[in-house]
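A.B. asks: Just a sequence and a predicted model for now, questions to come.
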Amino acid sequence: MELKSYLKTQKTNIDGFLRDYLSPLDIPPRLKEAMQYSLGAGGKRLRPVLVLAAHDAVGGKSRAAVAVGAAIEMIHTYSLIHDDLPAMDNDDFRRGKPTCHRVFGEAMAILAGDGLLTQAFEILSDPSHMEEVPAEVCVRVVGEVARGAGSTGMVGGQVLDMISEGSDIDAAALQNMHLRKTGALIRASVAAGALLGGADDEGLEALRGYGTKIGLAFQVADDILDVTRTEEELGKSTSDVARGKRTYPSLYGLEGARAMAETLVTEALKSLKGFDGGATPLREIARYIITRAH
Ligand code: GRG
């Protein structure tokens, strides 16, 4: 399997859904423009691709997988918009473009984020998108995504990040923060795809384990990119180190952080040992996560 073409195909499917979904909705034009601006600004679409790849890994046949992936991408995009706000990281560039609040103003950026978050749950509860998905599975997917995005997951992680700024947190605190801030939505993406695809309890647990490991590996890789790439290459304007944040390279050194990312990927791959060739995309994505250039 060629990962590049797999990623490209799945990204095209997701981008198509995202483009078509908002257009016909009766949303005040300026708000719709702000939501579409950030959604359409690019991005790797990693989380929706993980939904689709996990769904493939369990032999799923659900037509709702793209919609669920798109809903999670909307939640991810909301988190980036809010993370960039003056009250948080106060960033000027994201995905290679001026941030939402720089273009639309702070109040509209807050509301665009709120709109994307809420709209995501509308998709997950809309029978026309969740067609043929048993109600019990829909409810479990909603729960999985809400836990990944909410106060015990991503939002909680963002708060831990905020309050730890400028302090030398230890390895356990750093891991706890990233398991939530970055890892929780990534794990929820894998679990949501698995649930939709009809995973049994054992398969779901194994895939959750995979999601946890790659979620952390993704953050370690992000910290490494932060110190080895330029802002132009990354398309965003901040450096966590400059902001006084504890990072994996600052804690373990660059080589130590690279070794840690490798170990996490090895562990993620071990979680997939009970899966057949259907899990090939997940295996390749694990490796891609720590070798990507942005
Ligand atoms: C504001 C509730 C709230 C949460 C914000 C995700 C997040 C929490 C903040 C982003 C800060 C950051 C740069 C975290 C590092 C890992 C990360 C999530 C990077 C961005 O995700 P990518 O690389 O972005 O998948 P693209 O643009 O490709 O979608």
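C.D. replies: Ah, there it is.

A.B. asks: For the stretch 151-294 of the chain, which residues are neighbours of the ligand?
C.D. replies: Residues of the stretch 151-294 of the chain lying close to the ligand (CB under 6 Å from any ligand atom) are 154-155, 158, 181-182, 219, 222. (Each C-beta comes from the backbone N, C-alpha and C, glycine too.)

A.B. asks: Start and end of stretch 165-175, how far apart?
C.D. replies: Stretch 165-175 has an end-to-end distance of 15 Å (criterion: CA to CA, to the nearest Å).

A.B. asks: Please enumerate residues in contact with that stretch?
C.D. replies: If you take CB atoms under 8 Å, 6 or more residues apart in numbering as the criterion, stretch 165-175 is touched by 160, 164, 177, 216, 243-246, 248, 251.

A.B. asks: Mind putting the residues you listed into JSON lines with neighbour count, pLDDT and secondary structure?
C.D. replies: Below are the contacts of stretch 165-175 laid out as JSON lines (neighbours: other CB atoms under 10 Å; pLDDT from 0 to 100; DSSP: H, G, I helix; E, B strand; the rest coil):
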{"residue": "160", "neighbour count": "17", "pLDDT": "97", "secondary structure": "helix"}
{"residue": "164", "neighbour count": "16", "pLDDT": "93", "secondary structure": "helix"}
{"residue": "177", "neighbour count": "24", "pLDDT": "97", "secondary structure": "helix"}
{"residue": "216", "neighbour count": "24", "pLDDT": "98", "secondary structure": "helix"}
{"residue": "243", "neighbour count": "12", "pLDDT": "72", "secondary structure": "coil"}
{"residue": "244", "neighbour count": "11", "pLDDT": "74", "secondary structure": "coil"}
{"residue": "245", "neighbour count": "22", "pLDDT": "84", "secondary structure": "coil"}
{"residue": "246", "neighbour count": "21", "pLDDT": "88", "secondary structure": "coil"}
{"residue": "248", "neighbour count": "27", "pLDDT": "95", "secondary structure": "helix"}
{"residue": "251", "neighbour count": "17", "pLDDT": "92", "secondary structure": "helix"}
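
A.B. asks: Return the member of those nearest to residue 269.
C.D. replies: residue 216 (14.0 Å; CB to CB).

A.B. asks: wait, the closest one sits on residue 180?
C.D. replies: No: in this structure, residue 216 is not within contact of residue 180 by CB atoms under 8 Å, at 10.8 Å.

A.B. asks: List the residues that contact whichever residue of the stretch 101-250 of the chain sits closest to the ligand.
C.D. replies: Nearest residue of the stretch 101-250 of the chain to the ligand: residue 158, at 3.9 Å (CB to the nearest ligand atom). Residues counted as contacts of residue 158 (CB under 8 Å, 6+ apart) are 79, 83, 88, 181.

A.B. asks: That one - that's part of a helix, no?
C.D. replies: Yes: counting by DSSP: H, G, I helix; E, B strand; the rest coil, residue 158 falls inside a helix.

A.B. asks: Find the nearest non-adjacent residue to the residue nearest the centre of the chain, please.
C.D. replies: For the chain, the residue nearest the mean C-alpha position is residue 47 (4.3 Å; CA atoms, centre = their mean). Among residues not flanking residue 47 along the chain, residue 189 sits closest, at 4.2 Å (CB to CB, 6 or more residues apart in numbering).

A.B. asks: Right, I'll leave it there.
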